[in-house]
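Trainee: I would like the atomic coordinates for the input below:
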Amino acid sequence: MYKLLPILLFAFILSASESDEYKSQNQEARRNTSNPIYMKNLIDNTYIYPFAASELKQIILNNIVYNEDKQDIRLKRLRSLIIEGINEELESVINTNSLFIDVYHESFGFMFDSINQDAGLFTFSLQTENIIDSLVYNTISVVEADEDGGELPSGVFISVMTDLEKETINSLKNSFSNYQNRTPKLNKIECYNNFIDEHNILNSKDEVSSSIIDAYILEIGIRIFTIYVDKSFTSKKQNIIKNIIISMYPEMEDCGKNLEDVIDGCIEFITTDIDSLKRAKEVEKGIASLSREKIYDNSLAVIIGIDKYENLNNLDYAVADAEAVKDMLINQFNYVEENVRLLINEDANKDNIEQAISDVSLEAGENDRILVFFAGHGETMPLPDGGEMGYLLPVDGRQENLYASAIPMNDLKDLSNMSKAKHMLFLVDACYGGLAAVGTRGLEPAKTPNYLEKITNIKARQIITAGGSDEKVIEKPEWGHSAYTMNLLRALKDGLADTNGDGYITASELGLYLNEKVTIDSENQQTPQSRRLTSHEGEFIFFSY
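Mentor: A predicted model of the protein is given here:
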C-alpha cells in the first residue's frame, strides 16, 4: 500500500502587490512557467469543480453551518463522483459486480479567499478576468520554485473547486430569511426558488454564479486507484480497466513514474473476497449517507442549569455544565442557536421550565428530535402505597413541598407522549429515584437487519440520569464540571462513546459510556442510569458532522 498524505489547506493572502520573497522565487521558476506550451497544457488539463445549486440549497434550507469540515465533505463527494463515472464507463464492457474501485489523493491543497489573513505564506496579484488560470499559473510558479525550479512530476493532476466564504454563506442565509418574512404566503421551497431567481445566484448551468463565488480550493497531487477484484479476474480485464481510467484521466498514464514512494504506478489491483468487502462498504455507505442527508428535519433543545437556589444549597458548576452543552450542540451537532433555549439560575423557575419543555414538545414535527438537559438538584419522594417519585428542583423549588414546587418525572413523560417528535432524550445531571420508565430494551445491532434504518425511523423516548436516589452529584474544581457532564462532553465532543467506530452515537451507547466512566470518576459514589420512558425501540442519535 502507498503512503497516504493528508490534504493540507493553507489560506493565502490575495493582494495587489507581490512580496519580495515571492518575486525572487518567481524569477527562478520562469524557466517553466514562462513556457506558454507547458503552462497551456497544465491549465487546459485542470479539473474544475463548481459549487452546485443542490449544495447551496441544502446549506440554506437546512441552515447547515458551513465551515472547513463541510469543505472536506465536498472534496470527498467529488472523489465519489470519480468512482461513479468510471463504473458507468466499465458497465458496458465488464461485470462491475465482481470488482470494487477506491481512490484517494496524495496531494496538498491551497485555499484562496479574498480576506487578508496574517497566516499567508505568499502573496500575488490575480487576473480577475480569468481568475482560475491566474490561480493555476501563480501557484505552479511558487510550487516549482520551492522544488528548485524543477517541473512538476509527470502524472500530477491539478483541480480547482469553487467555494464560498463563511461570511458569504451567512449573508445569503440572512437575505433569504428576510425574503421569507416579506413573502409569508409562499411555502419554503417556492420562496427559495424565487429568491434564487430574483438575485441571479445561479448561472445557466445550475451552478453558483461566478459573481457570488469568492473562494477557491486548488489541489495538486496524484490519484491512487485501488481496484479490488475477485480471483476469477483475468489480466486482460485488468488492462481494460486500466485503459478506461487512463482515457478518462490522461495524467494517470505517467503517474508515479518518477516518485520514490510510488513503485508500481498509480493503478493497483488487489485480489480479495468481493462479497465480504462490498458488505462492509455498504455498512459504511449507509452510515455516511445518514449523516449527510440528516435523519432529522429539525433539532430542538431546552438546556437548564442552576447554581444559585432560593431554598436549597447552591451548586458550583451546573451553569457551566449547561452552557458547555449548549455550545457543543450548536458548534458540533448543527443545532440552530434559536432552537436551543437556555434557562439558568433565576430564569429556571418551575413555570419557565415547564413552559419551555411544553413549547418545544408541541412545536416539534414528526421527523424532529428534542434534547432536554438539566443540571441541578434532584429529589426522591416515597409514595404512600410504596415506590417513589423522582423530581427535578427548579430555582424556586422547596424540598419540604416537592409536589407543589418541583417537577415530577411523570410530567416530563406525559409531555413527551404529547409530542409528535420522532426522538426525545432527557439528560439529567441530578441524582434521584422513581424514574417513570418502562425499562424496555432497544434493538440489538447484530441481530437486527437494517438496524440503522429501523432505529432512525422508530420513535424513541429515552432518559439518562446522573445517579440513583441514595447518591449525589460529584463536582470538582479540577474538572470545572460535574462528573456526569465532564464525561458527557468527552463522550460526544470527542466521540469517545462511539466505541465501535461506526460513525454515530446512540443514546444507548451514550448511557453505557456514562455508566462506566462516571462510576469510576466519582469513585463509585454515583452510577448513571439509562431508561426508556415508553416501549418504542428507536434511538436518539448524535452524528458528528
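Trainee: Every contact and neighbour count from this point should use C-alpha atoms.
Mentor: OK.
Trainee: Thought residue 524 was touching residue 471, still the case?
Mentor: No - assessed by Cα atoms under 8 Å, residue 471 is found out of contact with residue 524, at 9.5 Å.
Trainee: higher neighbour count, these two?
Mentor: The residue with more neighbours, out of residue 471 and residue 524, is residue 471; 17 against 11, by other Cα atoms under 10 Å.
Trainee: okay, now residue 331: neighbour count?
Mentor: Residues near residue 331, counting by other Cα under 10 Å: 15.
Trainee: tell me which residues of the helix or strand containing it are tucked away?
Mentor: Using DSSP states H and E, residue 331 maps to helix 318-332. With burial defined by 16 or more other Cα atoms under 10 Å, the residues of helix 318-332 counted as buried are 318-326, 328-330, 332.
Trainee: what about residue 461, distance to residue 411?
Mentor: Applying Cα to Cα, to the nearest Å, the value for residue 461 to residue 411 is 13 Å.
Trainee: Neighbour count for the two, which is higher?
Mentor: Counted by other Cα under 10 Å, residue 461 and residue 411 do not tie: residue 461 has more neighbours, with 26 against 13.
Trainee: what residues are up against that one?
Mentor: 416, 423, 424, 425, 532, 533, 534, 536 (Cα atoms under 8 Å, 6 or more residues apart in numbering).
Trainee: So among those residues, which ones count as buried?
Mentor: 416, 423, 424, 425, 532, 533, 534, 536.
Trainee: Settle this for me: the second one is touching residue 368, isn't it.
Mentor: Yes - the criterion here is Cα under 8 Å, and residue 423 meets it with residue 368 at 6.9 Å.
Trainee: Now stretch 520-528: buried residues?
Mentor: So for stretch 520-528, counting by 16+ other Cα under 10 Å, buried means 521, 522, 525, 526, 527, 528.
Trainee: Output it as PDB, nothing but the C-alphas.
Mentor: The C-alpha trace of stretch 520-528 is given here as PDB (Å, rounded to 0.1, in the frame of the first residue of the first chain):
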ATOM      1  CA  ILE A 520     -15.000   5.400  38.000                       C
ATOM      2  CA  ASP A 521     -14.500   9.200  38.300                       C
ATOM      3  CA  SER A 522     -16.900   9.500  41.200                       C
ATOM      4  CA  GLU A 523     -15.200   6.600  43.000                       C
ATOM      5  CA  ASN A 524     -18.500   4.700  43.000                       C
ATOM      6  CA  GLN A 525     -20.400   7.500  44.600                       C
ATOM      7  CA  GLN A 526     -22.800   7.800  41.700                       C
ATOM      8  CA  THR A 527     -23.800   5.500  38.800                       C
ATOM      9  CA  PRO A 528     -25.800   6.900  35.800                       C
END
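Trainee: ok, and what's touching that stretch?
Mentor: Applying Cα under 8 Å, 6+ apart, the contact partners of stretch 520-528 are 431, 464-468, 471-474, 483-484, 511, 514-516, 518-519.
Trainee: Need the buried residues of stretch 520-528 in TSV (columns: distance to residue 271).
Mentor: Formatted as TSV, these follow (distance: Cα to Cα, whole Å):
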residue	distance to residue 271
521	48
522	51
525	54
526	52
527	49
528	48
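Trainee: And the residues you listed, which is closest to residue 91?
Mentor: residue 528 (53.9 Å; Cα to Cα).
Trainee: The closest one and residue 332, how far apart?
Mentor: For residue 528 relative to residue 332 (Cα to Cα), the value is 24 Å.
Trainee: nearest residue to residue 251 other than its sequence neighbours?
Mentor: Of all residues not flanking residue 251 in the chain, residue 155 sits nearest, at 4.4 Å (Cα to Cα, 6 or more residues apart in numbering).
Trainee: Residue 413 too?
Mentor: Per Cα to Cα, 6+ apart, closest to residue 413 is residue 533, 6.4 Å.
Trainee: Kindly report the same for residue 78.
Mentor: Nearest non-adjacent residue to residue 78 (Cα to Cα, 6+ apart): residue 49, at 7.9 Å.
Trainee: Is it correct that that neighbour is in contact with residue 163?
Mentor: No - Residue 49 is beyond contact range of residue 163, at 9.3 Å (criterion: Cα under 8 Å).
Trainee: the more surrounded of those two?
Mentor: Just comparing residue 49 and residue 163: by other Cα under 10 Å the higher neighbour count belongs to residue 163, 23 against 17.
Trainee: The residue nearest to that one when sequence neighbours are not counted: how many residues sit nearby?
Mentor: Closest residue to residue 163 apart from its sequence neighbours, by Cα to Cα, 6+ apart: residue 215 at 4.8 Å. Using other Cα under 10 Å, residue 215 has 18 neighbouring residues.
Trainee: Contacts only, for the residue nearest to residue 273 when sequence neighbours are not counted.
Mentor: Excluding its sequence neighbours, the residue lying closest to residue 273 (Cα to Cα, 6+ apart) is residue 230, at 6.0 Å. Residue 230 makes contact with 98, 99, 271, 272, 273, 274 under the criterion Cα under 8 Å, 6+ apart.
Trainee: where does the stretch 251-400 of the chain dip in pLDDT?
Mentor: 256-265, 279-294, 386 (pLDDT under 70).
Trainee: Break this protein down into its domains, please.
Mentor: The record's domain parsing of the chain by automatic domain parsing lists 9-272, 296-543.
Trainee: what about residue 141, distance to residue 250?
Mentor: From residue 141 to residue 250 the distance is 23 Å (Cα to Cα).
Trainee: Which of these two has more residues huddled nearby?
Mentor: Between residue 141 and residue 250, residue 141 has the larger neighbour count (other Cα under 10 Å), namely 24 against 16.
Trainee: and the more buried one, what element?
Mentor: Using DSSP H and E, residue 141 falls in helix 131-146.
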